[in-house]
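Colleague: All I have is the shape, not the residue letters:
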Ligand SMILES: [Zn+2]
């Protein structure tokens, strides 16, 4: 899997508002993605139900009020688990001061401060953050650390990503202990994953061509409506394998 193939990944780099571009990151002779070794976790410090708790709204604030080139975060994770990619990973976006050049910033939507709204990340956000971090480390060989915003030099005063949760437990997967396997398996297949989509489509065709043991048309309908879950796909591929459809 790659970041772009994560179940709830959405790329909005082409549509989100910008004012110019952030510069390419640089640390000594390391340029761009090679300079990145740290994943910095933030919360938005805005309540999850607020209309303004969106990457588009943050982009507006960061451009208009802060006079920055665009949204501070490379990724924003919504309460429903949607992972928005907002900028390229080789850019030095303004999310953590002196740590910007070496880091990639992810913002989990919510106000996770005890003295604030005292929200906690949703199950969907926990799953998405865990998966996103794992893929970041797989995709970018130079990645070494995951830290909260307040662990960045100069930000000890800042209660970010908030004290109602322990992001470290999410990163290690410990926070996933309460997440049932069904929660992950019931997520929809990501239609932007061309390889998996094609495999499922091929298997559906085989089922439809099989006159002796036809398959209910509900699978085709679910597929067309993009309602097919990961669990459905695994089941279909399993039956297909049993029937020998995959032996070619
Ligand atoms: Zn922060």
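Modeller: That came in fine, so what should we check first? Note that this is a predicted model, so its numbers are computed, not measured.
Colleague: can you pull out the strands in this protein?
Modeller: 9-11, 26-27, 30-31, 38-43, 75-77, 83-85, 103-108, 145-148 (DSSP state E).
Colleague: Just give the strands next to the fifth one in its sheet, each with its orientation.
Modeller: According to DSSP bridges, the neighbouring strands of strand 75-77, each with its direction, are strand 83-85 (antiparallel), strand 103-108 (parallel).
Colleague: Also the fourth one?
Modeller: Each strand that pairs with strand 38-43, with its direction, by DSSP bridges: strand 103-108 (parallel), strand 145-148 (parallel).
Colleague: For residue 185, which of the ones you listed is the nearest?
Modeller: When these are compared by CB to CB, strand 103-108 sits nearest residue 185, at 22.6 Å. In short, each C-beta sits where N, CA and C put it, glycine included.
Colleague: Quick one: mean pLDDT for stretch 236-248?
Modeller: Mean per-residue pLDDT for stretch 236-248: 79.
Colleague: hmm, back to that, just send the strands paired with strand 38-43 back as CSV, with mean neighbour count, mean pLDDT and distance to residue 38 too.
Modeller: Below are those laid out as CSV (neighbours: other CB atoms under 10 Å; pLDDT from 0 to 100; distance: least, CB to CB, whole Å):
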stretch, mean neighbour count, mean pLDDT, distance to residue 38
strand 103-108, 27, 98, 4
strand 145-148, 18, 98, 5
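Colleague: Of all those, which one is nearest residue 212?
Modeller: Nearest of the strands paired with strand 38-43 to residue 212, taken as CB to CB: strand 103-108 at 50.1 Å.
Colleague: Any residue of that closest one touching the ion?
Modeller: No - Strand 103-108 does not reach the ion (CB under 5 Å from the ion); its nearest approach is 7.1 Å.
Colleague: in the protein, which ranges drop under the pLDDT threshold?
Modeller: 178-184, 190-193, 248 (pLDDT under 70).
Colleague: which residue is nearest the middle of this protein?
Modeller: residue 83 (3.5 Å; CA atoms, centre = their mean).
Colleague: Spit out the contact partners of it.
Modeller: By CB atoms under 8 Å, 6 or more residues apart in numbering, the residues touching residue 83 are 6, 8, 9, 10, 75, 76, 77, 128, 132.
Colleague: Report the contact partners of residue 37.
Modeller: 102, 103, 142, 143, 144, 145.
Colleague: Skipping adjacent residues, who's closest to it in space?
Modeller: Closest residue to residue 37 apart from its sequence neighbours, by CB to CB, 6 or more residues apart in numbering: residue 144 at 4.4 Å.
Colleague: Next, count neighbours for the one you found.
Modeller: Using other CB atoms under 10 Å, residue 144 has 12 neighbouring residues.
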